[in-house]
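Engineer: My questions concern the predicted model and sequence given below.
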Amino acid sequence: MTQEQTAYVLCTKKGNPNRRIAGLTVGERLLLSLSYGGVDRVVFVGEGERPQSDRAEIEVVPAGSATLLPDDGVWLVPSDLVFDRGLLQNVDTLSSDLPLRYVPVSQLDTQLSDVEATVSALGVGEAESGKGFAIRVVDTQAAKIARKALFLSLIKPIDGFISKTINRKVSLSITRMLIHTPISPNGLTVAIMLLGILSGVAAYFAEHWWALVLAGVLFQTQSMLDGCDGEIARLKYQFSTRGQWLDSIGDDVTNYIFCLGLSFGQARVLGWDWLYGVGIAVFAIQWYASIVMYQRIYKMNTGDLLAIPNMFSSGEPKGKWGVAVRVIHTMTKRDFFVFVTSILAAVQLPLASFLLIAVGSLIMAPSLTLNEFRIRKAIRAGELNIPL
């Protein structure tokens, strides 16, 4: 494949790029998918309606004006196509059953001699899962299948057990409603963070049993809704580094304020002044761990904490220590510890909830520090190609 990628968008008379699916028209989603998939320019051919997008960073070249070399290849995509943009990175394994092709320039004139026939030969396609799908939205049924595939694509393979069984199902249900509103991902992130902060405020008023119930419910609700902003961002192609940073900081603020609310609330109710100091110490350790991660993603020019290489517990478990590390890793995943600590607070065990978070923080801080040292060592050894 060449450095600059070109896609010919086949616009048929029956194609309808203006149909809306999951918050975007099919045509705008097509152009954004091509742009984010690595395509630099598009050429519209055929007598049908042209897709439009003000946000796709892609050059529109008039038919016959594209400069192509004999050894180049080009993409052929129907104007009513909804697809997984990851397909553009796997030309050699692209299934012939899908309605998009990567063809050599030598075949281009033949393919474009009859656009209607070419699109008809490509077929409708399929979308059985959220990965590797491509389907032309030719009718209501195809639109339904495409919508389902888009939402399935939001499920992450790294989701923990609680996320898979509870959180993701709730967030996807909410996203299906919010996707048709003008709510922005960043605005939603802030609203969700405020909900989490309220959980810490409720935990502080621990003399009321209902306040602890409310704290637990709000903390878990924040965790369930936490995926909505990212889901909307991916569906509408509104993701940004700023949004990633806002989401990462929002989660940390929620976690730490909830923990601080638990400690301060119990210190006040029980008259244990020393617990104020413990709460502040844990709060400081938590932010130390966050700063270790923040400086790393800042250097990597991203706001996504998941982009940090795992040099501490990656690979296959080795011995009892390796297994123990995996167990600890699972227990410290946010979806798991939020679920457990929320329940403990709601059933009137705030000290147990605080203790669990505090212990997790004491484990994570040295683990993240060691991971950062190993990252720097790997960079110096040339094993990692990221900024030091």
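Structural biologist: The structure has been received and is ready for your questions. Residues are numbered from 1 along each chain as shown.

Engineer: how about the strands in this protein?
Structural biologist: Under the criterion DSSP state E, the chain contains strands at 6-10, 20-21, 24-25, 41-45, 59-60, 73-78, 81-83, 101-104, 125-126, 134-136.

Engineer: what's the most buried one of these?
Structural biologist: With neighbours taken as mean count of other CB atoms under 10 Å, the strands of the chain reach their highest mean count in strand 81-83, at a mean of 27. Every C-beta, even on glycine, is put in place using the N, C-alpha and C of the backbone.

Engineer: Which other helices and strands does that strand contact?
Structural biologist: Applying 3 or more CB pairs under 8 Å, 6 or more residues apart in numbering; DSSP states H and E, one finds that strand 81-83 makes contact with helix 26-36, strand 134-136, helix 140-152.

Engineer: Would you mark the buried spots in stretch 372-379?
Structural biologist: 372, 374, 375, 379 (16 or more other CB atoms under 10 Å).

Engineer: no no, stretch 145-160
Structural biologist: 145, 146, 147, 148, 149, 150, 151, 153, 154, 155, 160.

Engineer: Likewise for stretch 247-256?
Structural biologist: Of all the residues in stretch 247-256, those buried under the rule 16+ other CB under 10 Å are 247, 248, 250, 251, 252, 253, 254, 255, 256.

Engineer: Could you report the pLDDT at the first one?
Structural biologist: When you say that, I think you mean residue 247. On pLDDT, residue 247 comes in at 95.

Engineer: Can you tell me the closest non-neighbouring residue to it?
Structural biologist: Once flanking residues are discounted, residue 247 sits nearest to residue 189: 5.3 Å by CB to CB, 6 or more residues apart in numbering.

Engineer: before we move on, what about the second one?
Structural biologist: Leaving aside its sequence neighbours, residue 248 sits nearest to residue 305 (CB to CB, 6+ apart; 5.2 Å).

Engineer: Okay, the one you found and residue 298: tell me how far apart.
Structural biologist: Per CB to CB, to the nearest Å, residue 305 is found 11 Å from residue 298.

Engineer: got it, and residue 223?
Structural biologist: Taking CB to CB, one finds residue 223 at 25 Å from residue 298.

Engineer: between the two, who's got more neighbours?
Structural biologist: residue 223 (28 against 12; other CB atoms under 10 Å).

Engineer: contacting residues for the more buried one?
Structural biologist: 167, 334, 335, 338, 339, 342 (CB atoms under 8 Å, 6 or more residues apart in numbering).

Engineer: circling back: just the closest of the buried residues of stretch 372-379 to residue 62, please.
Structural biologist: residue 379 (46.4 Å; CB to CB).

Engineer: That closest one reaches residue 373, doesn't it?
Structural biologist: No - counting by CB atoms under 8 Å, residue 373 is not a contact partner of residue 379; they are 10.9 Å apart.

Engineer: The strands of the chain: which one's closest to residue 282?
Structural biologist: Closest among the strands of the chain, using CB to CB: strand 24-25, at 43.6 Å.

Engineer: Give me the contact list for that closest one.
Structural biologist: 17, 18, 19, 32, 51, 52, 235, 236, 237.

Engineer: so what's the backbone phi/psi at the nearest residue to residue 106 once chain neighbours are set aside?
Structural biologist: Among residues not flanking residue 106 along the chain, residue 70 sits closest, at 6.8 Å (CB to CB, 6+ apart). Phi and psi for residue 70, reported as degrees, to the nearest 10, are phi -60, psi -30.

Engineer: can you tell me how far residue 70 sits from residue 111?
Structural biologist: Distance of residue 70 to residue 111, given as CB to CB: 16 Å.

Engineer: Same question for residue 338.
Structural biologist: On the measure of CB to CB, residue 338 and residue 111 end up 52 Å apart.

Engineer: ok, those two, which is more surrounded?
Structural biologist: Applying other CB under 10 Å to residue 338 and residue 111 shows that residue 338 carries more neighbours, namely 27 against 19.

Engineer: How about the contacts made by that one?
Structural biologist: Contacts of residue 338 by CB under 8 Å, 6+ apart are 162, 219, 220, 222, 223, 255.

Engineer: and these as a markdown table, adding pLDDT?
Structural biologist: A markdown table is the format used below for the contacts of residue 338 (pLDDT from 0 to 100):
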| residue | pLDDT |
| --- | --- |
| 162 | 92 |
| 219 | 97 |
| 220 | 97 |
| 222 | 97 |
| 223 | 95 |
| 255 | 96 |
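
Engineer: Just the residues you listed: which are in helices?
Structural biologist: Taking DSSP state H, the ones among the contacts of residue 338 that sit in helices are 162, 219, 220, 222, 223, 255.

Engineer: Show me which of these is closest to residue 195.
Structural biologist: Using CB to CB, the ones in helices among the contacts of residue 338 come closest to residue 195 at residue 222, 4.9 Å.

Engineer: Am I right that that closest one is in contact with residue 200?
Structural biologist: No - Residue 222 lies out of contact with residue 200 (CB under 8 Å); the separation is 10.4 Å.

Engineer: quick one: common contacting residues for these two?
Structural biologist: residue 254.

Engineer: The protein: helices as residue ranges?
Structural biologist: Using DSSP H, helices in the chain cover 26-36, 108-112, 115-122, 140-152, 161-162, 168-178, 185-204, 209-236, 241-270, 274-299, 319-331, 334-346, 350-380.

Engineer: just the ones you listed: most buried one?
Structural biologist: helix 26-36 (a mean of 24).

Engineer: What lies in contact with that one?
Structural biologist: Contacts for helix 26-36 (CB under 8 Å, 6+ apart): 7, 9, 16-22, 24, 42, 49-53, 55-58, 75, 77, 79-83, 85, 88, 137, 237.

Engineer: average pLDDT across that helix?
Structural biologist: In the prediction, helix 26-36 has an average pLDDT of 96.

Engineer: Next, the angle helix 209-236 makes with that helix.
Structural biologist: Here the directions of helix 26-36 and helix 209-236 differ by 80 degrees (axes from the mean of the first three to the mean of the last three CA atoms, to 10 degrees).

Engineer: from the ones in helices among the contacts of residue 338, which is closest to residue 271?
Structural biologist: residue 219 (25.0 Å).
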